[in-house]
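**Q** 3D, please:
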Amino acid sequence: MKTKTTLIAAVILMSLIASISSIAFDVMPAQASSTNIVANGSFEQPVVLHPAKWNIYDSNEIDGWYMVWIPGPNMYDGHPRPSDAYIELQRQVRGWEAADGYQWAELDSDWDGPDGTINYEPGSVRICQDLTTIRHGVYKLRFAFSPRPGVEDNRLEVKWDGEIVDILDADGQGLSQTDWTYYEYIVAATSETTRLEFADLSSPDALGTFLDDVSVELKCEPFVTDLVIRFCRCRYLKVGTVTVWNDGTYLYVKYSLSKCYLVLFKTHLAVATSLEGIPQTKTGNPIPGQFPYQTTHCPPVKEYTYTIELGEWEVGTELYIAAHAEVWFGKLKCCGLTAWGYGQQFPGCSWGMYFQYTICDP
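**A** Purely as a prediction, here's the structure:
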């Protein structure tokens, strides 16, 4: 039985070698970009041309954003609420100023526009935009919020990836001009598409909650290197990835396998500010069993993330990371393969590896 299992494992290993065309290489993180990934964040399109200096637009008429009504009554003063939600854009109405450019959005919106006859209808909307993001990237969300001058109740809800970031309140009583305040938040992307949402939570009466100058910029791009096994001297095969990133509180190290027939049985992780801080023998060979972070995965898993407090590691601190794993062939529970996060070899005679990561400023 043991011979049969070993034979099966050998066949799978040969299939693995045959299926991989690329040899692992060290993947260094790109520099974070300062490009705003929000489309039409200042609501300058479409240009408001109505003499009243404001107008309403549905999702097909405005760049970047789409809208839904906040749940509420479908009738008001004998008039049915339109099925399509509208956003209200204003352009220097009453001499009011935008935070950026010439226009802004009012999220306690309107049903029938400047030529209509309905007043104070319940027109609160939620506006959304699906952003193209980098998984595990850390972003800065920034926007300007102002109460409508003369209106007491202005309440703005902010969501990122379905989670509430903040709920803001502002009082516009006594104001004759907009009073823009900028807010900034550090947020993380968990996938390649992330939804950004703003909603009016004030009493719906078609008056209040101004929004302008929305931006999302990448602050910290994750470091990704290959998780590799060695099948002959100096030849490595990629079986997955090791991804490292940080926010303002934690460092994250994620193991991921890319082959459907492989699983993680054990993971060992060492993180230090010097190579000497990683457990090694006197001859410079790493000792995974003495790494400070280690897990036996029962049952085995396809991916696993270590979350480590930054503590005294400040922005700019260079870390030495050794990520070791024992990889199994699915349910065979034998013939485990040693895997390392690809990087530089330790000074000893083993093929154990480490790589470096610098704490970024989110």
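
**Q** so, low pLDDT: which residues of the stretch 251-362 of the chain?
**A** 331-335 (pLDDT under 70).

**Q** the helices in this protein, which residues?
**A** 2-19 (DSSP state H).

**Q** pop the domain breakdown of it in here.
**A** The record's domain parsing of the chain by automatic domain parsing lists 2-29+222-358, 54-220.

**Q** can you add mean neighbour count and distance to S42 and give those back as JSON lines?
**A** Just so you know, the C-beta spots here come from the backbone N, C-alpha and C atoms, and that holds for glycine as well. Output for the domains of the chain, formatted as JSON lines (neighbours: other Cβ atoms under 10 Å; distance: least, Cβ to Cβ, whole Å):
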{"stretch": "domain 2-29+222-358", "mean neighbour count": "17", "distance to S42": "27"}
{"stretch": "domain 54-220", "mean neighbour count": "18", "distance to S42": "5"}
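
**Q** reformat these as a markdown table; add distance to T35.
**A** Formatted as a markdown table, those follow (distance: least, Cβ to Cβ, whole Å):
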| stretch | distance to T35 |
| --- | --- |
| domain 2-29+222-358 | 17 |
| domain 54-220 | 7 |
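
**Q** nearest to A39, out of the ones you listed?
**A** Among the domains of the chain, domain 54-220 comes nearest to A39, with 3.2 Å by Cβ to Cβ.

**Q** could you tell me the end-to-end distance of that closest one?
**A** 38 Å (Cα to Cα, to the nearest Å).

**Q** stretch 52-61 now?
**A** Stretch 52-61: ends 19 Å apart by Cα to Cα.

**Q** for that stretch, what is the average pLDDT?
**A** Stretch 52-61 shows a mean pLDDT of 97.

**Q** what does that stretch contact?
**A** By Cβ atoms under 8 Å, 6 or more residues apart in numbering, the residues outside stretch 52-61 that reach it are 46, 48-49, 65-67, 84-93, 106, 109-114.

**Q** gap between it and the chain center?
**A** Chain-centre distance of stretch 52-61: 30 Å, with Cα atoms, centre = their mean, to the nearest Å.

**Q** cool, and stretch 246-255?
**A** Distance, centroid of stretch 246-255 to centroid of chain: 13 Å (Cα atoms, centre = their mean).

**Q** what does it rub up against?
**A** 136, 138, 186, 188, 220, 227, 240-245, 264, 267, 269, 271, 303-310, 313, 319, 321, 323, 325, 359-360, 362.

**Q** and that stretch, how far apart are its ends?
**A** 15 Å.

**Q** same question, stretch 284-291
**A** End to end - Cα to Cα - stretch 284-291 spans 14 Å.

**Q** report the distance from that stretch to the chain centre.
**A** 33 Å.

**Q** equivalent analysis for stretch 162-175, please.
**A** 23 Å.

**Q** which residues touch it?
**A** Under Cβ under 8 Å, 6+ apart, the answer for stretch 162-175 is 141, 145-159, 179, 181, 183, 185, 187, 195, 201, 208.

**Q** repeat that for 10 Å
**A** For stretch 162-175, the external contacting residues (Cβ atoms under 10 Å, 6 or more residues apart in numbering) are 96, 141, 143, 145-160, 178-179, 181, 183, 185-187, 190, 194-199, 201-202, 207-210.

**Q** so which of the residues you listed are in strands?
**A** Taking DSSP state E as the definition of strands, the contacts of stretch 162-175 contribute 141, 143, 145-146, 154-160, 181, 183, 185-187, 194-199, 210.

**Q** still on that earlier bit, list the ones among the contacts of stretch 246-255 that fall in strands.
**A** Judged by DSSP E, strands contain the following of those: 138, 186, 188, 220, 227, 240-245, 264, 267, 269, 271, 303-309, 319, 321, 323, 325.

**Q** if I look at the closest residue in space to N74 that isn't next to it in sequence, how far off is D115?
**A** Spatially, and ignoring its direct neighbours in sequence, N74 is nearest to R81 (4.9 Å; Cβ to Cβ, 6 or more residues apart in numbering). Applying Cβ to Cβ, to the nearest Å, the value for R81 to D115 is 18 Å.

**Q** returning to what we had before: which residues are in contact with the residue nearest to N74?
**A** Contacts of R81 (Cβ under 10 Å, 6+ apart): 69, 72-75, 111, 121-123.

**Q** so who does Y86 touch?
**A** 55-59, 61-62, 67, 69, 109-113, 123, 125.

**Q** picking that back up, which of the domains of the chain sits closest to V38?
**A** From these, taking Cβ to Cβ, the stretch that ends up closest is domain 54-220, at 5.2 Å.

**Q** just the strands in the stretch 1-150 of the chain please.
**A** Applying DSSP state E, counting those that start in this stretch to the stretch 1-150 of the chain gives strands spanning 54-57, 66-69, 75-76, 79-80, 87-91, 103-106, 125-132, 138-146.
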